[in-house]
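This is the structure alone, sequence omitted:
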Ligand SMILES: [Cu+2]
């Protein structure tokens with residue numbers, strides 16, 4: 001009797017684990033429509049929840065779903081561990097029945113991780129492909145030109161280097177460059193640098209991409225879905241004033257964007273064109289840095305130079 005019940009135990013464990021995993025998968029599928037609710041209930045599991053692009057939302061969903069899946073598996077494993085610790089705790093000096101080389105168990109804990117990794121890989125590949133996807137006919141093309149230490153944004157009439165710039169905005173030491181873009185449209189960014197490697201980063205896009213000098217044009221596309229003003233930064237240490245390379249992304253309605261672009265084409269400054277659509281003419285999320293170093297720093301380096 002004792003030997004028989006020992007032999008059925010691993011199968012029961014296998015069944016329980018299989019049921020748990022199946023239930024977890026079902027739960028995930030059923031709750032797929034409310035990933036956002038799951039995320040906000042648990043502080044978004046550390047992932048930035050303020051994304052402003054369709055791509056950012058997909059990345060968010062992938063992260064939340066992955067963490068939930070990991071927790072479900074984790075609780076399953078912890079449950080089995082504690083169950084084993086209690087159920088099979090030492091009761092005497094007699095060696096318990098050994099259940100090594102149990103084929104169903106061996107297969108279960110080989111197949112299950114492979115399944116988990118396959119599912120994670122499948123969804124990761126989908127999201128990654130969507131984030132990198134380029135369309136044949138983007139609604140807007142912006143050329144991002146980075147240089148030490150500022151940004152120029154060129155609105156283009158087509159794709160590639162052969163296209164023409166129809167309007168442009170450039171930052172200076174006194175004015176933060178402002179990139180105005182419409183929501184709900186496919187925006188194609190074409191990046192190029194005039195000197196060293198920089199990196200284009202708007203934190204709310206949850207996306208950075210290096211800006212290379214030379215013939216490499218780094219291209220990506222996003223669809224913005226939230227109006228607002230967002231700080232942008234250079235995310236690649238590019239030299240002395242790297243930290244000063246800020247810009248501002250202003251997302252507006254397509255109608256406002258058309259008005260803005262027409263004003264720019266008419267020769268208005270970016271500030272005048274922003275005023276024309278009722279926006280603040282200057283950046284509100286960041287301000288120009290003082291490019292002169294603090295007086296005491298200069299004195300300190302003079303002291304060092306003078307050997308004091
Ligand atoms: Cu830079």
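That came through fine. Keep in mind the model is a prediction, meaning the values are calculated, not measured.

helix or strand for residue 288, which one?
Per DSSP states H and E: residue 288 is located in neither a helix nor a strand.

burial of the residue of the stretch 51-200 of the chain found nearest the ion, as a residue count?
The ion sits closest to residue 198 of the stretch 51-200 of the chain, with a gap of 3.4 Å, by Cβ to the ion. Where you see a C-beta, it was placed from the backbone N, CA and C, and this is true even at glycine. When neighbours are counted by other Cβ atoms under 10 Å, residue 198 registers 31.

check contacts around residue 218.
Applying Cβ atoms under 8 Å, 6 or more residues apart in numbering to residue 218 gives the contacts 190, 191, 192, 209, 210, 211, 212.

er, residue 84 actually
With Cβ under 8 Å, 6+ apart, residue 84 has no contacts at all.

any idea how far residue 91 is from it?
14 Å (Cβ to Cβ, to the nearest Å).

what about the closest residue to residue 244 other than its chain neighbours, how many neighbours?
Leaving aside its sequence neighbours, residue 244 sits nearest to residue 289 (Cβ to Cβ, 6 or more residues apart in numbering; 4.4 Å). Residue 289 has 14 neighbouring residues, counting by other Cβ under 10 Å.

Check residue 272 too.
Residue 272 has 13 nearby residues by other Cβ under 10 Å.

Help me confirm that it comes into contact with residue 260.
No. Shown here, residue 272 and residue 260 do not form a contact pair, counting by Cβ atoms under 8 Å, at 10.0 Å.

what's the spacing between the spatially most central residue of the chain and residue 68?
Computing the C-alpha centroid of the chain and ranking residues by Cα atoms, centre = their mean puts residue 206 first, at 3.0 Å. Between residue 206 and residue 68 the distance is 19 Å, computed by Cβ to Cβ.

repeat for residue 147
From residue 147 to residue 68 the distance is 44 Å (Cβ to Cβ).

how about low-confidence regions in this protein?
Confidence mapping of the chain against pLDDT under 70 gives the ranges 1-33, 291-308.
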